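[1] Kindly generate the corresponding structure for this input.
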Amino acid sequence: KRYLEKNHRTREGLNAVLPPTEQEPESDFGREWIVLSSGDFYDTTTGQMLKKQLVQEARATEMGWLDSKNVWTKVPIREAYEKTGKGPISAKWVDTNKGDDQDPNYRSRFVARDFRRKGEDSIFAPTPPLEALRTILSLVATKECWPAECWDAEPDSERRLRIFMIDISRAYFNARVQDADPVYVQLPPEDPDAAKGMCGRLNVHMYGTKQAADRWHCEYAEALESIGFKRGVSSACVFWHPVRRPMSSVHGHDFTTAGPHESLEWFKKELQKKYELKEGARLGPGPQDDKEGRVLNRIVRWEPEGLTYEADPRHQEKLIQELGLEDNGEGPSVKSVSTPCIKLSAEQLSEDKPLPESKVTHFRGLAARANYLAADRPDLQYASKEVCRWMRNPMESSVTARKRIARYLIGGLGRWYKYLWE
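    The predicted structure is shown next:
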């Protein structure tokens, strides 16, 4: 009874509108009730317990967005079966704390669970390679790519070069669902209509639907082309304007755009006509300009000698922490090394043993983290590649190789890309 009241519905009421093959068995309700009735909330990413009040406030904010964006039209669940031959897509809340315990920043998203089934076409989600972002930084630092007045301008001039970092809020809510291919989702349990046999027929895509990323890409690409931007040849997520001269790399809903200040202000106003923006750092040479910003959690700095690009430091910290090698106040528990690779002898290889099954998942997770970090750290690429070769059948020596990478990172010798003004 507590479960049914909590979710504003009854099993009998839901089954009344479902065909026999889709009805909810009582046992499933019981299992879900055990999880939900505890009243605890956890970060979907880290598993850390979250504060109930802050989660409820974040969910209320998201519900407000769903209403203001007219994400769905409520219809009977029966319509989903009549139009698509199956029930509405299940959905769930994803709660995260983007900040920390001292400065919490709770985010809640109501996410569809539209999984790709066997035999269906692959899911397309266009994203630019990291080289696209680095290319923009390189072009900003290259004088011959810009008119002379952009380089000779005063620090507060309208023609000075700058880099804008813009985030489109709830980007997927701007991607329209095609009438010929309707999508139906379950309503949030907080919605009282969920107990009345209703579901949502999407007017726009939401996070978790299979077509969301592709339709959002088509939406913003058409919007940029309508104001004069040209699409990149090597990547469909890179754009440039031949007259006003700004260039942009778009990763999901993050726009990293470089160009003369006046052109960037024009670009921002054009985006504001269609989307709700959240501005990040605005790097530039002026005293009022930002000197550091984050793009995909990579750190970009505007310095007197040029631009620098640094890998996300959190992955390095987590790699060291999860191996128990962090500084405990008296220094790290092991000595650092000057190289990230190990060389095993023939004798060591012959005596090598398979890693216990209980440690395999942890090994693979850390190997994947090192591989992700290596995308921005050329000095780690060979070592991480060798560790990843053990992911299928991890051995005890593979743990030693993984730990060697962490010991190399403990040395604190930073590595970053530097683009000098020239």
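
[2] can we go C-alpha only for contacts and neighbour counts from here?
    Will do.

[3] How about the residue in the protein that sits furthest from its center?
    Most distant residue from the mean C-alpha position of the chain: E347, 44.0 Å away (Cα atoms, centre = their mean).

[4] Next one: it from H253, what distance?
    With distances taken as Cα to Cα, to the nearest Å, E347 is found 52 Å from H253.

[5] and if you look at V360?
    35 Å.

[6] go on, T308?
    Distance of T308 to H253, computed by Cα to Cα: 23 Å.

[7] list the contacts for D289?
    Residues near D289 by Cα atoms under 8 Å, 6 or more residues apart in numbering: 282-283.

[8] okay, it: pLDDT?
    If you check D289, the pLDDT there is 94.

[9] In which helix or strand does the residue lying closest to S338 once chain neighbours are set aside reside?
    Distances taken as Cα to Cα, 6 or more residues apart in numbering put Y408 closest to S338, at 6.0 Å, once the chain neighbours are dropped. Element membership for Y408 (DSSP states H and E) is helix 396-410.

[10] any idea which helix or strand carries the residue farthest from the centre of the chain?
    Taking DSSP H and E as the definition, one finds E347 inside helix 346-350.

[11] ok, then the element right after that helix?
    Trace forward from helix 346-350 with DSSP H and E and the next one is helix 357-374.

[12] helices or strands up against that next one?
    Using 3 or more Cα pairs under 8 Å, 6 or more residues apart in numbering; DSSP states H and E, the elements in contact with helix 357-374 are helix 313-322, helix 378-388, helix 396-410.

[13] Looking at those helices, which one is packed in the most?
    Scoring the helices and strands packed on helix 357-374 by mean neighbour count under mean count of other Cα atoms under 10 Å gives helix 396-410 as the most buried, with a mean of 21.

[14] Can you give the contact residues for the helix or strand following that helix?
    The helix or strand immediately downstream of helix 396-410 is strand 416-420, counting by DSSP H and E. Residues outside strand 416-420 that contact it (Cα under 8 Å, 6+ apart): 137-138, 141, 305-311, 376-377.

[15] Same check on stretch 352-366?
    Residues outside stretch 352-366 that contact it (Cα under 8 Å, 6+ apart) are 319, 388, 391, 393-397, 399, 402.

[16] Switch those over to a markdown table; also include pLDDT.
    As requested, the contacts of stretch 352-366 are arranged in a markdown table below (pLDDT from 0 to 100):
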| residue | pLDDT |
| --- | --- |
| L319 | 87 |
| C388 | 93 |
| M391 | 91 |
| N393 | 90 |
| P394 | 92 |
| M395 | 91 |
| E396 | 90 |
| S397 | 90 |
| V399 | 90 |
| R402 | 90 |
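
[17] okay, and the helix or strand of the protein with the least pLDDT?
    Sorting the helices and strands of the chain by mean pLDDT, DSSP states H and E puts helix 26-36 at the bottom, at a mean of 36.

[18] In a helix, W266, correct?
    Yes. Counting by DSSP: H, G, I helix; E, B strand; the rest coil, W266 is found in a helix.

[19] Give me the number of neighbouring residues for it.
    By other Cα atoms under 10 Å, the residues close to W266 number 13.

[20] repeat for K86
    K86: 16 neighbours (other Cα under 10 Å).

[21] what helix or strand is the closest residue to it other than its chain neighbours on?
    Leaving aside its sequence neighbours, K86 sits nearest to A80 (Cα to Cα, 6+ apart; 6.4 Å). A80 is part of helix 77-84 when elements are defined by DSSP H and E.

[22] which residues are in contact with the helix or strand just after that helix?
    Going down the chain from helix 77-84, the next helix or strand is strand 91-97, by DSSP H and E. The contact list for strand 91-97 (Cα under 8 Å, 6+ apart) reads 41-45, 50, 55, 104-113, 185-188.

[23] Go ahead and build a ChimeraX selection from the buried members of those residues.
    Buried members of those, defined by 16 or more other Cα atoms under 10 Å, are picked up in ChimeraX with:
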select :41,42,43,50,55,106,107,108,109,110,111,112,113,185,186,187,188
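
[24] Let's see which of the contacts of strand 91-97 end up in helices.
    Among the contacts of strand 91-97, the ones falling in helices (DSSP state H) are V55.

[25] and the residue nearest to K86, how many residues sit next to it?
    A80: 22 neighbours (other Cα under 10 Å).

[26] List the residues that contact it.
    So A80 contacts 86-88, 184 (Cα under 8 Å, 6+ apart).

[27] can you check E292 too?
    By Cα under 8 Å, 6+ apart, the contact set of E292 is 281, 283, 299-302.

[28] Pull out the buried residues from those residues.
    Neighbour-count burial (16+ other Cα under 10 Å) applied to the contacts of E292 gives 281, 283, 299-302.

[29] Reformat the residues you listed as TSV; add pLDDT.
    Converted to TSV, the buried ones among the contacts of E292 look like this (pLDDT from 0 to 100):
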residue	pLDDT
A281	94
L283	96
I299	93
V300	96
R301	96
W302	96
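
[30] Could you single out the nearest of those to G232?
    For the buried ones among the contacts of E292, the residue nearest G232 by Cα to Cα is V300; the value is 22.8 Å.

[31] residues touching the residue lying closest to A375 once chain neighbours are set aside, list them.
    Residue nearest to A375 in three dimensions, not counting chain neighbours: Q381, with 7.2 Å by Cα to Cα, 6+ apart. If you count contacts by Cα under 8 Å, 6+ apart, Q381 has them with 371, 374-375.

[32] residues near G280, how many?
    Per other Cα under 10 Å, the neighbour tally for G280 reads 17.

[33] Tell me the spacing between it and N393.
    From G280 across to N393, the span is 43 Å (Cα to Cα).

[34] what does T256 give?
    Noted for T256: a distance of 40 Å to N393, by Cα to Cα.

[35] Neighbour count for those two, which is higher?
    Neighbour totals were compared for T256 and N393, and T256 leads with 25 against 11 (other Cα under 10 Å).

[36] Show me the contact partners of the helix or strand encompassing the more buried one.
    Here T256 sits within strand 254-260, counting by DSSP H and E. Here strand 254-260 makes contact (Cα under 8 Å, 6+ apart) with 133, 136, 140, 150, 158-168, 245-250, 264, 295-296.

[37] Mind checking which of the residues you listed are in strands?
    Among the contacts of strand 254-260, the residues falling in strands (DSSP state E) are 161-168, 247-250, 295.

[38] Relative to S122, which of these is nearest.
    Using Cα to Cα, V250 comes nearest to S122 of these, at 21.8 Å.

[39] Show me what that closest one bridges to in the sheet.
    Beta bridges link V250 to F255 when assigned by DSSP bridges.

[40] Number of residues surrounding it?
    By other Cα under 10 Å, 23 other residues sit near V250.
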